[in-house]
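*Asks:* Model the structure of this input:
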Amino acid sequence: MESALERWYALHDARAQQMEAIYARLGRSSAQFWDRRARFYHRSTRERGVRDPFFLRIRQELEPTLTVLDVGAGTGRFALAAAPLVQTVYAVEPNAAMLGYLRQEAAERAVNNIVTIQSTWEAAPAELQADIVLCSHVLYPIREVVPFVEKLRAAARRTCYIYMRATHLDEFTAPVWRHFHGRELARSPAYIHLLDVLFEMGIYANVEIVRTPLSLRYPSLDEAVDELLEQLLLPDDEATRRELHAFLEGWLVPDGGELAVPGKEVVSAIVWFPGTSNPDS
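*Replies:* Coordinates of the predicted model:
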């Protein structure tokens, strides 16, 4: 019988192989993905942190004397939301462009209790700990999920929180992907696969299913073309731009002065469990 970890590997590997083959044809690297998408990610998430169900769940546990560790902090939506409520936030993020937006936003808000660490989680200092550990939408491309989660758990003095989708964002952009690539995009692991792995690890996690509005929105058709060229791994040439522009013109939905990808909500799961130094673990 296939184990939960073997299922995770199979999902991860099928997607990774498909993506890397496309990157190779484009002459680009997956390592540069967030360099190219940091601006859009920052714009689409910067105002949503304090209202997100993930943060609202975590906020119940935050106190002025506590510390928070945000693993894969991105441009800082949850680090910035937590900072006014706690002593210190440690934000671990490997991408320099993403961290640049986080630091810029912290400076503009006069937030001075965020310590940024440019590193992958795997390479981050082993002694790094906090009372509360957050890991939001990070695990999808992580093959070695067990040591990754073990390190998260070891870093948490109180509670470790993980946020993962049940509804992949790829499902919403699938019509465009099929149009240009001629086949389906392999799906990443979802929260249910993480739960199976946690169970095999002997971690019996709490789970809350939440729904958030779909945030794939663009100020203009030209910006939608720029963003989706990268997100959908398309060649940046004039012919592809014209074809994508024509497709999106008939597919995107006008909404509140912006253009939105069709779809109403994203279903995700908040998964949490005690850290290894927590007496309740």
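
*Asks:* wait, what's in contact with the closest residue to Leu69 other than its chain neighbours?
*Replies:* Spatial nearest neighbour of Leu69, excluding adjacent residues (C-beta to C-beta, 6 or more residues apart in numbering): Ala130 at 3.6 Å. (Each C-beta comes from the backbone N, C-alpha and C, glycine too.) By C-beta atoms under 8 Å, 6 or more residues apart in numbering, the contact set of Ala130 is Leu66, Thr67, Val68, Leu69, Thr88, Tyr90, Ala155, Ala156, Arg157.

*Asks:* how about Ala156, phi and psi?
*Replies:* Ala156 adopts backbone torsions of phi -90, psi 120, taken as degrees, to the nearest 10.

*Asks:* Buried residues, stretch 205-217. List them.
*Replies:* By neighbour count with 16 or more other C-beta atoms under 10 Å, stretch 205-217 contains the buried residues Ala205, Val210, Thr212, Leu216, Arg217.

*Asks:* My guess is the first one contacts Ala269. True?
*Replies:* No - in this structure, Ala205 is not within contact of Ala269 by C-beta atoms under 8 Å, at 9.5 Å.

*Asks:* re earlier: for Leu221, see how far away the residue nearest to Leu69 is.
*Replies:* Applying C-beta to C-beta, to the nearest Å, the value for Ala130 to Leu221 is 43 Å.

*Asks:* what touches both of Ala205 and Ala269?
*Replies:* By C-beta under 8 Å, 6+ apart, the residues touching both Ala205 and Ala269 are Leu195.

*Asks:* All the helices of the stretch 151-281 of the chain, residue numbers only.
*Replies:* 170-181, 191-200, 221-231, 238-251 (DSSP state H, counting those that start in this stretch).

*Asks:* now those in TSV, with mean pLDDT and distance to Pro262?
*Replies:* Below are the helices of the stretch 151-281 of the chain laid out as TSV (pLDDT from 0 to 100; distance: least, C-beta to C-beta, whole Å):
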stretch	mean pLDDT	distance to Pro262
helix 170-181	95	7
helix 191-200	98	23
helix 221-231	90	13
helix 238-251	96	7
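
*Asks:* which residues does the residue nearest to Leu69 bridge with?
*Replies:* Per DSSP bridges, the residues bridged to Ala130 are Ala156.

*Asks:* number of nearby residues for Pro274?
*Replies:* 18 (other C-beta atoms under 10 Å).
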